[in-house]
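Asks: attaching a predicted model along with its sequence, questions to come.
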Amino acid sequence: MKAPPYSAAPVDVVRFPGRRRERDSVAVEEPLEIRVNGVPIAVTMRTPGHDEELALGFLLSEGIEPRRAEPPTDLAANTIEVEADSFDPARLERHFYTSSSCGVCGKGALEAVAVEAPVVAGELRAGSSLLAALPRQLRERQAAFAETGGLHATGLFAPDGELLCLREDVGRHNAMDKVIGWAFGERLLPLADSILCVSGRLSFELVQKAAVAGCPIVVAVGAPSSLAVELARDRGVTLCGFVRDGRVNVYSEEWRVVS
């Protein structure tokens, strides 16, 4: 399983001990400008690939319903154009720059971050053993990570553990946006009968994106933050962290996890 050519770049590296000069690969990181109805609204640092999904997922997570995304005619321009019927540019002024590590860097207050997300509905339940197995499935299919060691991943799983979609990116929030954008294109939103699995920690922003997408269960290899737990409890999301080695820590809505 080889990484797509646009996700990895060759570099020279000197390894110690021994001072061996070798060829290696690193994750590609490039800017992408997102425009809505011709108006530039955000620049995010991302790994190229699935840019239409990224733009769609980003806007959906911000409460904007897009119609479609047009792939760039000039790939060197790193610009994506999205059409939306109802769009107020002032709502997204705080998003003029987002980074690969923090999609909401520069937002001045927690109130500015909050996007209205409904309480997640649905009666989906999942066995703890099924949830514990998801990170391994995700890791085994991370072709770009295997080559570079530098990409986050988000996977969308069916209730029986089948992997529906996997996306990798230097930014964990970008990887989730790409999955949500894919689900939008497949007409699968809201994700009431699905499980999201992320390869790292769980931040407030990732839980917010999952809640806006209507996903009832979110699984992570790493730890959740305090705000992530608070938001999950407020929006009815089952939050599972430190999911590894057969262990599952559930921080909210544990009724969805069965033995």
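Replies: That came through, no problem.
Asks: quick one: the strands in this protein?
Replies: Assigned by DSSP state E, the strands in the chain fall at 8-15, 20-27, 30-36, 39-46, 66-70, 79-84, 126-127, 152-157, 163-169, 195-198, 217-220, 238-244, 247-252, 257-258.
Asks: out of the ones you listed, which gets the lowest mean score?
Replies: The minimum mean pLDDT among these belongs to strand 66-70 (a mean of 81).
Asks: parallel or antiparallel, which strands does it pair with?
Replies: Using DSSP bridges, the strands paired with strand 66-70 are strand 79-84 (antiparallel).
Asks: now the partner strand: buried residues?
Replies: If you call a residue buried by 16 or more other CB atoms under 10 Å, then strand 79-84 has these buried ones: 79-82, 84. (C-beta placed from N, C-alpha, C; glycine too.)
Asks: equivalent analysis for stretch 83-91, please.
Replies: Judged by neighbour count using 16+ other CB under 10 Å, the buried positions of stretch 83-91 are 84, 87.
Asks: what's that stretch in contact with?
Replies: For stretch 83-91, the external contacting residues (CB atoms under 8 Å, 6 or more residues apart in numbering) are 36-37, 39, 41, 59, 62-70.
Asks: of all the strands of the chain, which one is nearest Ala143?
Replies: strand 163-169 (7.7 Å; CB to CB).
Asks: okay, the strands of the chain in CSV with distance to Glu186 next?
Replies: Converted to CSV, these look like this (distance: least, CB to CB, whole Å):
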stretch, distance to Glu186
strand 8-15, 27
strand 20-27, 26
strand 30-36, 21
strand 39-46, 21
strand 66-70, 14
strand 79-84, 17
strand 126-127, 21
strand 152-157, 10
strand 163-169, 8
strand 195-198, 15
strand 217-220, 19
strand 238-244, 23
strand 247-252, 27
strand 257-258, 26
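Asks: just so I know, which of the ones you listed lies nearest Glu140?
Replies: Of those, the one closest to Glu140 (CB to CB) turns out to be strand 163-169, at 9.6 Å.
Asks: wait, what's in contact with Arg172?
Replies: Arg172 touches 152, 154, 198-201, 203, 206, counting by CB under 8 Å, 6+ apart.
Asks: equivalent analysis for Asp24, please.
Replies: Contact partners of Asp24, counting by CB under 8 Å, 6+ apart, are 10-13.
Asks: Throw those into JSON lines and include distance to Val212 and neighbour count, thanks.
Replies: Shown next, in JSON lines, are the contacts of Asp24 (distance: CB to CB, whole Å; neighbours: other CB atoms under 10 Å):
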{"residue": "Pro10", "distance to Val212": "38", "neighbour count": "8"}
{"residue": "Val11", "distance to Val212": "37", "neighbour count": "11"}
{"residue": "Asp12", "distance to Val212": "42", "neighbour count": "8"}
{"residue": "Val13", "distance to Val212": "40", "neighbour count": "11"}
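Asks: now those residues as TSV including distance to Glu140?
Replies: Listed next are those as TSV, based on distance: CB to CB, whole Å:
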residue	distance to Glu140
Pro10	24
Val11	25
Asp12	29
Val13	25
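Asks: out of those, what pair is the most spread apart?
Replies: Distance extremes for these: the farthest pair is Pro10 and Val13 at 10.1 Å, using CB to CB.
Asks: what do these two both touch?
Replies: Common contact partners of Pro10 and Val13 (CB under 8 Å, 6+ apart): 23-24.
Asks: domain-wise, how is the protein divided?
Replies: Domains of the chain are assigned by automatic domain parsing as 30-113, 126-258.
Asks: out of those, which is closest to Pro17?
Replies: Nearest of the domains of the chain to Pro17, taken as CB to CB: domain 126-258 at 20.0 Å.
Asks: for the stretch 101-250 of the chain, just list every one of the helices.
Replies: Taking DSSP state H, counting those that start in this stretch as the criterion, the stretch 101-250 of the chain carries its helices at 110-113, 128-140, 143-148, 172-185, 204-212, 226-235.
Asks: I'd like those helices as a markdown table, with mean pLDDT and distance to Arg21 appended.
Replies: Output for the helices of the stretch 101-250 of the chain, formatted as a markdown table (pLDDT from 0 to 100; distance: least, CB to CB, whole Å):
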| stretch | mean pLDDT | distance to Arg21 |
| --- | --- | --- |
| helix 110-113 | 48 | 45 |
| helix 128-140 | 95 | 30 |
| helix 143-148 | 72 | 19 |
| helix 172-185 | 97 | 32 |
| helix 204-212 | 94 | 39 |
| helix 226-235 | 94 | 42 |
